[in-house]
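**Student:** my questions are about this predicted structure, shown below with the sequence.
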Amino acid sequence: MTEPYSPPGAASAPDDDSQAARQSPATAPTSNLEPRQCASPWPPHGGQGEALLQCLGVDPSSATGPLVDLSASLNPLGPPTWFADWLAGAGGHLWRYPDPRQPLARAALAAHHGVAQQQLWLTNGGAEAIHLVAQCHRGGRALIVEPTFGEYARACALNDISVSRIMLQGDEFRLDVDALCQAMTGVDLVFLCRPNNPTGTLARRDDVATLLLHARRVGAVLVVDEAFAEFSDEGEDEGEDEGEDESADFECSDDAAGDRRCAAQGPLCQWLVPGADTSVDVPLVLLRSLTKFYTLPGLRLGYVMASAARIQALAERQVAWSLNGLAEAVVPELLADGDFAEASRGWVDGERDRLCQALRALGLVVSESRANFVLLRLPGAATPQRGEVLLRGLARHAILGRHTHTFRGLDGAWVRLALSTAEVNDRVIEALADIIAAETAAGGSQTPRSGGSA
């Protein structure tokens, strides 16, 4: 069913797909951290600490320590140590126009992913990539897997694309592949975030292959946002068989019964590499970002991988000189720093596991994240009021989390927290323990000391 678009932060009544409808209707008990009505719109994105504090009614001077913003999900180990020195000597890229063909960055990224340069195009951050894809399908129909990043719906609204939605299921945020395939009929675009923002969950690779095969059958294009993929080790994809050929290309074939089979191993970008039959179209668009992994959000550096024809259509719609000279010049340097990438992935994997284990030990419901952030909520009834109890309690402990009022289906009941240093993560654990203790003492929740996972 197609639903009208609501701008981020706009108030809306919960529908049948909302978290409130899927959870128990029990009213959240009162506590000494009683929620208040937000006097201003919830900020639509993370990294807007002042707006969040204003909305929560928390005075920064009343916090118990220096403020730490965990509402934006960036690599706590970045930027690379050499970046400041590189930037000091990169002034020459600012007093001449950047090459609109993006030759240096495209060549480096194409070699890094094993695709042709004609299959890759850089954008002014991942957000521009989303909007350019939508522009290529103006006036069409889109299907969005929710809860997820709100920019997909916004891009569709700006390009007269009608939107229907399918929800991830339960506190585990399971992807119903069969239901998603059924909903694809008559759709031009399907948006799937992997790992998903804000849940951190990673759709199985073989499930994505099933979706891609069905998209080809019904004439849809599968758009997979991999903005957080650098934080997830594909080699550890849950449920994949060990010992399979990780370099296998994506292949489609028809047998006498009309069944389709695919080899679905390896990074998704390898499915774009032409096989023996170059006439076979793979209806896949991959969206990527370098700014999150390398902690350079102000640089605005994203890119798209797709067929050469789709990349050409996208590039023709991009504003001239959208990619600045600094952004293009630094790409080869970032990709060459393999030590930073390896250290970041290893550290994030270990610290995420440690943090999630500690949060579950407090009795919190925590998503099975494969990204550099975690999604959590209080046990029991999932309500916006109880989510705000967590947000406000964290803010009073000088920790800013990401609210989920603008994520359909979460409706404010959950809180997203970015990974930070071990010291800050310990502060998070202590703060949440204090909040839960206060809730329990006030009779607000009988929190068990055995963790739940989502």
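**Tutor:** Good, I have the coordinates.
**Student:** ok, how many other residues are close to Val366?
**Tutor:** Residues within reach of Val366, counting by other CB atoms under 10 Å, total 24. To be clear about C-beta, it is placed using only N, CA and C from the backbone, and glycine gets the same treatment.
**Student:** show me the helices in this protein, by range?
**Tutor:** With DSSP state H as the criterion, the chain has helices at 19-22, 49-56, 83-88, 103-113, 125-135, 151-158, 177-183, 205-218, 308-316, 325-336, 338-361, 384-396, 422-441.
**Student:** mind putting those in a markdown table, mean neighbour count, mean pLDDT and distance to Val145 included?
**Tutor:** Formatted as a markdown table, those follow (neighbours: other CB atoms under 10 Å; pLDDT from 0 to 100; distance: least, CB to CB, whole Å):
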| stretch | mean neighbour count | mean pLDDT | distance to Val145 |
| --- | --- | --- | --- |
| helix 19-22 | 18 | 39 | 15 |
| helix 49-56 | 18 | 63 | 26 |
| helix 83-88 | 13 | 96 | 34 |
| helix 103-113 | 18 | 96 | 24 |
| helix 125-135 | 23 | 97 | 14 |
| helix 151-158 | 21 | 97 | 9 |
| helix 177-183 | 15 | 97 | 7 |
| helix 205-218 | 19 | 96 | 10 |
| helix 308-316 | 16 | 96 | 20 |
| helix 325-336 | 19 | 96 | 29 |
| helix 338-361 | 16 | 96 | 22 |
| helix 384-396 | 23 | 91 | 22 |
| helix 422-441 | 17 | 93 | 28 |
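**Student:** dump those helices into a markdown table; add distance to Ala371 as well.
**Tutor:** As requested, those are exported to a markdown table (distance: least, CB to CB, whole Å):
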| stretch | distance to Ala371 |
| --- | --- |
| helix 19-22 | 20 |
| helix 49-56 | 21 |
| helix 83-88 | 22 |
| helix 103-113 | 20 |
| helix 125-135 | 14 |
| helix 151-158 | 17 |
| helix 177-183 | 21 |
| helix 205-218 | 16 |
| helix 308-316 | 25 |
| helix 325-336 | 19 |
| helix 338-361 | 8 |
| helix 384-396 | 19 |
| helix 422-441 | 15 |
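**Student:** tell me which of the ones you listed approaches Met167 most closely.
**Tutor:** Closest of these to Met167 is helix 19-22, at 8.0 Å (criterion: CB to CB).
**Student:** quick revisit: out of the helices of the chain, which gets nearest to Gly266?
**Tutor:** helix 205-218 (8.4 Å).
**Student:** can you spell out which helices and strands pack onto that closest one?
**Tutor:** helix 177-183, strand 189-193, strand 221-225 (3 or more CB pairs under 8 Å, 6 or more residues apart in numbering; DSSP states H and E).
**Student:** among the ones you listed, single out whichever gets nearest to Pro103.
**Tutor:** Nearest to Pro103 among the helices and strands packed on helix 205-218 is strand 221-225 (25.7 Å), distances taken as CB to CB.
**Student:** JSON lines for the helices and strands packed on helix 205-218, including distance to Gly78?
**Tutor:** Putting the helices and strands packed on helix 205-218 into JSON lines (distance: least, CB to CB, whole Å) gives the following:
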{"stretch": "helix 177-183", "distance to Gly78": "34"}
{"stretch": "strand 189-193", "distance to Gly78": "21"}
{"stretch": "strand 221-225", "distance to Gly78": "20"}
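**Student:** who wins for proximity to Arg416 among the ones you listed?
**Tutor:** strand 189-193 (13.2 Å).
**Student:** now do that closest one: distance to the chain's middle.
**Tutor:** 12 Å (CA atoms, centre = their mean, to the nearest Å).
**Student:** what's in contact with that strand?
**Tutor:** The set of residues external to strand 189-193 that reach it, using CB atoms under 8 Å, 6 or more residues apart in numbering, is 133-134, 137, 140-145, 148-149, 152, 156, 161, 180, 184, 203, 208, 211, 215, 220-225, 227.
**Student:** out of the helices and strands packed on helix 205-218, which gets nearest to Gly412?
**Tutor:** The nearest among these, by CB to CB, is strand 189-193 at 19.6 Å.
**Student:** partners of the closest one in the sheet?
**Tutor:** Strands that pair with strand 189-193, judged by DSSP bridges, come out as strand 141-146 (parallel), strand 221-225 (parallel).
**Student:** so can I have CSV of these showing distance to Gly412?
**Tutor:** Rendered in CSV, the data for the strands paired with strand 189-193 read as follows (distance: least, CB to CB, whole Å):
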stretch, distance to Gly412
strand 141-146, 15
strand 221-225, 23
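**Student:** so which of these comes closest to Gln118?
**Tutor:** strand 221-225 (17.7 Å).
**Student:** export the closest one to PDB, keeping only CA atoms.
**Tutor:** Output in PDB follows, covering the C-alpha atoms of strand 221-225 (Å, rounded to 0.1, in the frame of the first residue of the first chain):
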ATOM      1  CA  VAL A 221      16.100  -2.000  -9.700                       C
ATOM      2  CA  LEU A 222      17.500  -3.100  -6.300                       C
ATOM      3  CA  VAL A 223      19.300  -0.200  -4.600                       C
ATOM      4  CA  VAL A 224      21.600  -1.400  -1.800                       C
ATOM      5  CA  ASP A 225      23.000   1.300   0.500                       C
END
